[in-house]
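Trainee: got a structure for you, letters missing:
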């Protein structure tokens, strides 16, 4: 639930998130490195009064979600090209901003210098708009999924069935509400004050994603003692800096310049920290994504990422 005193923070976070996306449109060009755009976006967020709610992510072509660069800028497993944008690339850019824990999460898709996938991109936008039209108090999230699914399938594509939107609360990026991209029964009934991220993923492939490789995006699984002194200090810093939000491997090198990799490895072995996997479209199809953060109001919904 959102109280009136915090509403300005939610609007401000959403506004910075949208401004970041808009600014990065000009950065995603042939020859520009993925890492350069990611770092530029995160600097833009901080310069404009926010902090990243999660590491800025870039997913190109059949990569659907969950990739950010590490401190060594090593390519995802199986990616055999340079991590630079190429003519014809289909680029998903996902940006989250928080201001005092209040989060705006949004994403867009850009095709670089070609027009082969314009309909795919447009379909993701149309599905998002259809979902926002449906969202409101008393609406089961399954109806949002139905709106997304029918919009996408009517245009000859598939929604990615095992990727969903999510509820958002302060310092909680995935707060328990799952917002499907296909029709489902028995989902959450929305109420006024709920905040959700709606994010249709559209593909010309199989309509499902999978993956196990490390995305370089981490989260705390549990808090418990560990004997290693540097690893224990890393836990304290992660809690203090990120307060339960996801964080990047490369950010940890600002905490422990020489020992970050070793400390992170120990935290993972202890089950304290886990990574999110990079998600690939299982049919090797191209993927487009659009996303807004939406506040459920008494009379319907309000887009916060504007």
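Mentor: The structure has been received and is ready for your questions. On a predicted model such as this, the values are computed, not experimentally measured, just so you know. Residues are numbered from 1 along each chain as shown.
Trainee: any idea how far residue 147 is from residue 287?
Mentor: Noted for residue 287: a distance of 19 Å to residue 147, by CB to CB, to the nearest Å. For glycine as for every other residue, the C-beta is placed from the backbone atoms N, C-alpha and C.
Trainee: show me what contacts residue 295?
Mentor: 2, 10, 193, 194, 195, 301, 302, 303, 304 (CB atoms under 8 Å, 6 or more residues apart in numbering).
Trainee: hang on, the earlier thing: please identify which of residue 287 and residue 147 sits among more neighbours.
Mentor: A direct count of neighbours by other CB atoms under 10 Å for residue 287 and residue 147 places residue 287 higher, at 28 against 24.
Trainee: right, and the more buried one touches residue 90 too?
Mentor: Yes. Shown here, residue 287 and residue 90 form a contact pair, counting by CB atoms under 8 Å, at 7.2 Å.
Trainee: where's the closest residue in space to residue 57 that isn't next to it in sequence, which helix or strand?
Mentor: Excluding its sequence neighbours, the residue lying closest to residue 57 (CB to CB, 6 or more residues apart in numbering) is residue 94, at 4.5 Å. Per DSSP states H and E: residue 94 is located in strand 90-99.
Trainee: check which element follows that strand along the chain.
Mentor: strand 102-111.
Trainee: on that earlier part again, could you find the lowest-pLDDT member of the contacts of residue 295?
Mentor: Of all these, residue 2 carries the smallest pLDDT score, 79.
Trainee: average pLDDT for stretch 233-248, rounded please.
Mentor: Averaged over stretch 233-248, pLDDT sits at 97.
Trainee: can you list the residues that contact stretch 109-117?
Mentor: 25, 28-30, 85-93, 118, 121, 124, 286, 288-290.
Trainee: just the buried ones from the residues you listed?
Mentor: 28, 85, 89-93, 121, 124, 286, 288-290 (16 or more other CB atoms under 10 Å).
Trainee: OK, contacts around residue 35?
Mentor: With contacts defined as CB under 8 Å, 6+ apart, the neighbours of residue 35 are 69, 73, 83.
Trainee: gap between residue 61 and residue 86?
Mentor: Going from residue 61 to residue 86 by CB to CB gives 9 Å.
Trainee: look up the pLDDT of the residue sitting furthest away from the middle of the chain for me, please.
Mentor: Here the chain reaches farthest from its C-alpha mean at residue 227, the gap being 33.5 Å by CA atoms, centre = their mean. At residue 227, the model reports a pLDDT of 95.
Trainee: now it: how far from residue 220?
Mentor: Counting by CB to CB - residue 227 and residue 220 are separated by 18 Å.
Trainee: sorry, back to before: who touches both of residue 287 and residue 90?
Mentor: residue 61.
Trainee: list the buried ones in stretch 202-209?
Mentor: Neighbour counts over stretch 202-209 (16+ other CB under 10 Å) mark 202, 203, 204, 205, 207, 208, 209 as buried.
Trainee: how about those residues in a markdown table, adding secondary structure, distance to residue 256 and pLDDT?
Mentor: Listed next are the buried residues of stretch 202-209 as a markdown table, based on DSSP: H, G, I helix; E, B strand; the rest coil; distance: CB to CB, whole Å; pLDDT from 0 to 100:
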| residue | secondary structure | distance to residue 256 | pLDDT |
| --- | --- | --- | --- |
| 202 | strand | 41 | 98 |
| 203 | strand | 40 | 98 |
| 204 | coil | 44 | 98 |
| 205 | coil | 40 | 98 |
| 207 | coil | 42 | 98 |
| 208 | coil | 38 | 98 |
| 209 | strand | 33 | 98 |
